[in-house]
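Visitor: Could you look at this predicted model? Sequence included:
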Amino acid sequence: MRLVKDIPHQQYKIQIFHYNGKYIVKIELGQFEQTFKVGETDVFGLEDVERMISQELLINTLHRFVQMRNDWEEAFKHKNTIK
């Protein structure tokens, strides 16, 4: 997997990779990450992928990060329970 772009952002770590005929967008916030994959034949290059990282996508990503954190905190409460 080859890193092709690091996108500066004040809140997230955003990276675009290229691997096996796909662009992979990785968005990290703290200990959580989300990835999105798009086939290189579905876009007209890296610039198209960058345009897909809209403000709307980032807002929705934040909502998923909050839900991920909530789910993880709930799971953590049960780490020592016997099943």
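Guide: The structure has been received and is ready for your questions.
Visitor: Can you give me the distance of Tyr12 to Gly30?
Guide: Per CB to CB, to the nearest Å, Tyr12 is found 10 Å from Gly30. (Glycine included, C-beta is placed from N, CA and C.)
Visitor: oh sorry, the question was meant for Lys22
Guide: Distance of Lys22 to Gly30, computed by CB to CB: 25 Å.
Visitor: the more surrounded of these two?
Guide: Lys22 (15 against 10; other CB atoms under 10 Å).
Visitor: Could you list the residues in contact with the worst-scoring helix or strand of the chain on mean pLDDT?
Guide: Taking mean pLDDT, DSSP states H and E as the measure, the chain has helix 55-77 as its least confident helix or strand, at a mean of 95. Helix 55-77 is contacted by residues 9, 11-12, 27, 29-30, 32, 34 when judged by CB atoms under 8 Å, 6 or more residues apart in numbering.
Visitor: One more pass at 6 Å, please.
Guide: For helix 55-77, contacts defined as CB atoms under 6 Å, 6 or more residues apart in numbering pick out 27, 29, 32, 34.
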